[in-house]
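Asker: my questions are about this predicted structure, shown below with the sequence.
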Amino acid sequence: MTFEDWFRVDRLPHIYCAGCGNGTVINCTLAAVDEMGWNKKETVFVSGIGCSSRAPGYIMTDSLHTTHGRALAFATGVKLANPALNIVVFTGDGDLAAIGGNHFIHACRRNIDITVVCMNNQIYGMTGGQGSPTTPIGCLSTTTPYGSAEPAFDLCELAIAAGANYVARWTSYHVKEFERAVKAGLETPGFSFIEALVQCPTYFGRRNKFKEVTDQVEYLKTHAILRAKRDRLIEKGERIPDDMFIIGELARRNRPAMGVKL
Amino acid sequence: MKLTIDETRCKGCNLCTKVCPYKIFVEGKKPNLRGIVVPDLDRPERCANCRLQRLYGRTLCGVCQLTCPDQAIHWEDEQPYEPMKVAIEY
């Protein structure tokens, strides 16, 4: 069995734009779920609203497509009602960081046994390219036509501070590493948060001088720095450019978790 | 095994041309019936997965399949190679 057996083939091809990274993230997540050997009847995919949250509609399992930002609240309910189910939450940056930020920190605090895959495309893709809490400083969007002036949200740091058991960040270029991170998150009891930076060629890339899809993927590849390398550079006293972002496994610990299958 | 691109699903984003370590995918020239420029395959028999997937019993590289956002890349079973049969007429 491969990850392709998890797709709802009659719904494909999906409605994502050409080159959208969300499809890649779905592939990697399903490959990790497939490696876990889970049953389709015991796996539930939960999502909120947004481009990323259309993902469970293309997967051949039970799924919940819930209200904006409340995916984690619904997932908590599902997990506590039946701890035998395996829950994976697909969510986007606008869904998780903006309107669902409150649910996010409290899910981390409670340390519920779910896995959250956040597809961070740094913009509100579905509603027309408005700036989101994760839009980097200086990036153009519909609501920030002179460049975003606010500092961006670092979701991984937030999850670590709030108490998640497993936190990792990868990009849509690092598919194998991302798949391994999702698998580690699925294996970890307690709240696991995996952020994937994805390209949005239609709204983010077109406004920010990424003419082709591959240009933005090249940017994600060249501006990612592993945490170990960052620590080495800091030790040597070298300066890290401001536009670099950290990737890799950022936290793994063993806090008491809630709703773990006995 | 044979590497194939499903033309009904491909949207022509050319991400596979970027990630393949053997550079098997090259940018296409002509649009197909749906108006999408599907990438061409440059000597696909070089693909490690095509040759060795059966022998090792697992997917060896598979980066193009994982990366393809439209789930368009597959490996198909292939008939074993047969030397060309030539009918000799006397």
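Answerer: All right, it came through fine.
Asker: and the stretch 101-250 of chain A, which residues reach chain B?
Answerer: Taking Cβ under 8 Å from any Cβ of the partner chain, the part of the stretch 101-250 of chain A that reaches chain B is made up of A:172-173, A:175-176, A:179, A:201, A:212-214, A:217-218. C-beta: built from backbone N, CA, C; applies to glycine.
Asker: which parts of chain B are helices?
Answerer: For chain B, helices defined by DSSP state H occupy the ranges B:15-19, B:48-56, B:63-67.
Asker: gap between the second one and the chain center?
Answerer: Right, helix B:48-56. Centroid separation between helix B:48-56 and its chain, computed with Cα atoms, centre = their mean, to the nearest Å, is 13 Å.
Asker: got it, and the first one?
Answerer: In terms of Cα atoms, centre = their mean, the gap separating the centre of helix B:15-19 from the centre of its chain is 13 Å.
Asker: and the closest residue to residue A:247 other than its chain neighbours, what are its bridge partners?
Answerer: Using Cβ to Cβ, 6 or more residues apart in numbering or on different chains and skipping the chain neighbours, the partner closest in space to residue A:247 is residue A:224 (4.5 Å). Beta bridges link residue A:224 to residue A:245, judged by DSSP bridges.
Asker: please name the bridge partners of the residue nearest in space to the middle of chain A.
Answerer: The centre of chain A sits closest to residue A:118, judged by Cα atoms, centre = their mean, with a distance of 1.6 Å. In this structure, residue A:118 has the following beta-bridge partners (DSSP bridges): residue A:91, residue A:195.
Asker: and it, what pLDDT?
Answerer: Residue A:118 is assigned a predicted lDDT (pLDDT) of 95.
Asker: can you pull the contacts of it?
Answerer: For residue A:118, the contacting residues are A:52, A:91-93, A:96, A:155, A:193-196, by Cβ atoms under 8 Å, 6 or more residues apart in numbering or on different chains.
Asker: filter the residues you listed down to the buried ones and hand me the PyMOL line.
Answerer: In PyMOL syntax, the buried subset of these is picked out as below (16 or more other Cβ atoms under 10 Å in any protein chain shown):
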select buried, chain A and resi 52+91+92+93+96+155+193+194+195+196
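Asker: want to try CSV for the contacts of residue A:118, with distance to residue A:128 and pLDDT as columns?
Answerer: CSV is the format used below for those (distance: Cβ to Cβ, whole Å; pLDDT from 0 to 100):
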residue, distance to residue A:128, pLDDT
A:52, 16, 92
A:91, 19, 94
A:92, 14, 92
A:93, 15, 91
A:96, 19, 92
A:155, 22, 93
A:193, 27, 96
A:194, 27, 96
A:195, 23, 95
A:196, 22, 95
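Asker: ok now stretch A:226-237, how far from the chain's centre?
Answerer: Its chain's C-alpha centre and that of stretch A:226-237 lie 25 Å apart, by Cα atoms, centre = their mean.
Asker: ok, back up a step: okay, the helices of chain B in CSV with mean neighbour count, mean pLDDT and distance to chain A next?
Answerer: Output for the helices of chain B, formatted as CSV (neighbours: other Cβ atoms under 10 Å in any protein chain shown; pLDDT from 0 to 100; distance: least, Cβ to the nearest Cβ, whole Å):
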stretch, mean neighbour count, mean pLDDT, distance to chain A
helix B:15-19, 21, 92, 5
helix B:48-56, 14, 86, 11
helix B:63-67, 22, 92, 4
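Asker: among those, which is nearest residue A:65?
Answerer: Relative to residue A:65, the nearest member of the helices of chain B by Cβ to Cβ is helix B:63-67, separated by 24.6 Å.
Asker: ok, back up a step: quick check, the residue nearest to residue A:247 in contact with residue A:240.
Answerer: No. Using Cβ atoms under 8 Å, residue A:224 makes no contact with residue A:240, being 12.0 Å away.
Asker: pick out whichever of these two has more residues nearby.
Answerer: When residue A:224 and residue A:240 are compared on other Cβ atoms under 10 Å in any protein chain shown, the one with more neighbours turns out to be residue A:224, at 19 against 12.
Asker: give me the contact list for the helix or strand hosting residue A:29.
Answerer: For residue A:29, the enclosing helix or strand under DSSP states H and E is helix A:22-36. Taking Cβ under 8 Å, 6+ apart as the criterion, the residues outside helix A:22-36 that touch it are A:1-3, A:5-7, A:14, A:16, A:43, A:51-52, A:54-55, A:58-59, A:86, A:88, A:90, A:117, A:119, A:121, A:172, A:175, A:178-180, A:182-183, A:186-187, A:196, A:198, B:15, B:65-71.
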